[in-house]
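# A structural model of the following input is requested.
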Amino acid sequence: MNHLLTIFLFLVAILGQAQESSTLIWNLQRLNRSAIFPEVDTYIGTPSPVVTDKKVSISGDPHNFESFSMYFWPDTLSPDSPYVYRDCLRNPEGDTYDLKKINALARRTRLLSQAYHLTRNQKYANQWLTDIQAWFIDKQTRMNPNFDYAQFVKNLNNNRGNYFGIIEAYVFVDIIESIRLMRSYGQLDRSTDRKLQKWFRQFARWLRTSPLGIKQSQAPNNLSVAYDVMSCAIDLYIGDTPHFNFLMQQFADRRLYAQIQSDGSQPQEMRRALPLTYAIYNLQHVTDFCVMLYHIGIDYYHQHQARIDAAIKYIQQQLADTTRLNAAEQTDHHSLTVKTRMIQAQLQSISTK
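Down below sits the predicted model:
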């Protein structure tokens, strides 16, 4: 019992530090200025992305996040039937819904906060705050804290969302990083911070109690890994020690070793039409988890380095023999290689400190 109490008190301490600290995943010492400027200046004075900016709401409430399940297409033999699934074949119809907006919000808040970090120019902080308030706080434009209509399939289930649509909420990890950074510079007043924390507490409650959230947490692939990492980022922001502790303690058994085999393969991802794309995507989530924990004093990567390094090696071996790749991933070979190297660089950055 004393041992458990010690662990609990330790986690309370590090969570307290995490709430007050700067970024937990972004490496601010390695920011690429050319990737920030001059794009970030095009955001100044422009309308903020808002979820309510839609002509028609499929849910009847424009404050709901609504996105289209991108791999579903019309049934040409039966136009009124539910759309049919085509793995990894993206339907551009999805561009007319809210996914583009939330991705734009994540990119804008990331670049604006990083630009402020590099320059201390108040125009970036002001625009960042305007964007954050428009999406999460302002009554006329704020998003409801749920993903009930994420990745709906047309003509199916009254256009309700699907559990796999919650993967689109992973951008909240970056948005929370921007909140941390701007708060560390005193650019987030207490009232706004409390309102943001309230919104994320409500969203966390939805993740844990809604049928969609529960189903995603039980997924055997990258969906559940992303769910845990996003939830941990939210927990560290809102200070939910017990839930963070639960996720951290079970991550190795339920996610890491369940999804990555001893040879580094990821069977659930390798059966996809874009196997390496999804294997790298999943490994990126694991890497974010390791980096996040490292910055609150938990060296998770070195505790599980053999399995994580095996996953990297497996991907590198697959990329080395392009004859194993399908046509799409042969075309995307350079991008996949760069993403794998970026994962290595992230892990190396917490190995040399």
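# list the contacts for residue 340?
Counting by CB atoms under 8 Å, 6 or more residues apart in numbering, residue 340 makes contact with 280, 312, 315, 316, 319. (Each C-beta comes from the backbone N, C-alpha and C, glycine too.)
# tell me which element the fourth one falls in.
Okay, so that is residue 316. Using DSSP states H and E, the element containing residue 316 is helix 305-320.
# which strands and helices lie in contact with that helix?
helix 275-294, helix 333-349 (3 or more CB pairs under 8 Å, 6 or more residues apart in numbering; DSSP states H and E).
# quick one: low-confidence parts of the stretch 201-350 of the chain?
Applying pLDDT under 70 to the stretch 201-350 of the chain flags no residue at all.
# now the residue in the chain sticking out farthest from the centre: how far from residue 71?
The C-alpha centroid of the chain is most remote from residue 77, which lies 36.7 Å away (CA atoms, centre = their mean). Distance of residue 77 to residue 71, computed by CB to CB, to the nearest Å: 19 Å.
# can you count the residues close to the closest residue to residue 281 other than its chain neighbours?
The shortest distance from residue 281 to any non-neighbouring residue, by CB to CB, 6 or more residues apart in numbering, is to residue 222 (5.8 Å). Using other CB atoms under 10 Å, residue 222 is surrounded by 26 other residues.
# residue 222 against residue 284, yeah?
No. Residue 222 lies out of contact with residue 284 (CB atoms under 8 Å); the separation is 9.1 Å.
# can you pull out the helices in the stretch 101-250 of the chain?
122-136, 171-184, 190-209, 211-217, 222-238, 241-251 (DSSP state H, counting those that start in this stretch).
# now for those, which one comes closest to residue 88?
helix 222-238 (13.2 Å; CB to CB).
# report the distance from the closest one to the chain centre.
Relative to the chain's own centre, helix 222-238 is displaced by 8 Å; criterion: CA atoms, centre = their mean, to the nearest Å.
# determine the set of other helices and strands touching it.
By 3+ CB pairs under 8 Å, 6+ apart, helix 222-238 packs against helix 2-20, helix 171-184, helix 190-209, helix 211-217, helix 241-251, helix 275-294.
# Throw the ones you listed into CSV and include distance to residue 81, thanks.
Shown next, in CSV, are the helices and strands packed on helix 222-238 (distance: least, CB to CB, whole Å):
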stretch, distance to residue 81
helix 2-20, 48
helix 171-184, 32
helix 190-209, 30
helix 211-217, 23
helix 241-251, 39
helix 275-294, 28
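# out of these, which comes closest to residue 59?
Nearest of the helices and strands packed on helix 222-238 (CB to CB): helix 211-217, 13.5 Å.
# tabulate the CA atom coordinates of the closest one in CSV.
C-alpha atoms of helix 211-217 as CSV (Å, rounded to 0.1, in the frame of the first residue of the first chain):
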residue,chain,number,x,y,z
PRO,A,211,-20.4,4.2,-27.2
LEU,A,212,-18.1,5.6,-29.9
GLY,A,213,-15.3,6.5,-27.5
ILE,A,214,-15.5,3.2,-25.7
LYS,A,215,-15.4,1.3,-29.0
GLN,A,216,-12.3,3.2,-30.2
SER,A,217,-10.5,2.5,-27.0
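# adjust the sequence numbering to begin at 12 for everything that follows.
That works, and once the first residue is 12, the last one we named lands at helix 222-228.
# now the most centrally placed residue in the chain: how far from residue 243?
The chain has residue 181 as the residue nearest its centroid, 2.0 Å off, counting by CA atoms, centre = their mean. As for residue 181, its distance to residue 243 is 12 Å (criterion: CB to CB).
# same check, this time on residue 331
From residue 331 to residue 243 the distance is 33 Å (CB to CB).
# among the contacts of residue 351, which ones are buried?
291, 323, 326, 330 (16 or more other CB atoms under 10 Å).
# now the two most distant members of these.
Farthest pair in the buried ones among the contacts of residue 351, by CB to CB: 323 and 330, 10.6 Å.
# determine the number of other residues adjacent to residue 58.
10.
# before we move on, back to that, give me the secondary structure label for the residue farthest from the centre of the chain.
Three-state assignment for residue 88 (DSSP: H, G, I helix; E, B strand; the rest coil): coil.
# with distance to residue 271 added, can I get the helices of the stretch 112-261 of the chain in JSON lines?
Output for the helices of the stretch 112-261 of the chain, formatted as JSON lines (distance: least, CB to CB, whole Å):
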{"stretch": "helix 133-147", "distance to residue 271": "34"}
{"stretch": "helix 182-195", "distance to residue 271": "20"}
{"stretch": "helix 201-220", "distance to residue 271": "24"}
{"stretch": "helix 222-228", "distance to residue 271": "18"}
{"stretch": "helix 233-249", "distance to residue 271": "10"}
{"stretch": "helix 252-262", "distance to residue 271": "12"}
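# isn't there a helix covering residue 35?
No. Counting by three-state DSSP, residue 35 is not part of a helix but coil.
# give me the neighbour count for it.
21.
# coming back round to it: for the residue farthest from the centre of the chain, give its distance to residue 273.
Taken as CB to CB, the span from residue 88 to residue 273 is 45 Å.
# please look at the residue nearest to the centre of the chain and residue 242 and confirm they touch.
No. Assessed by CB under 8 Å, residue 181 is found out of contact with residue 242, at 10.6 Å.
# count the neighbours of the nearest residue to residue 194 once chain neighbours are set aside for me.
Nearest residue to residue 194, sequence neighbours excluded (CB to CB, 6+ apart): residue 204, at 6.3 Å. For residue 204, the neighbour count with other CB under 10 Å is 15.
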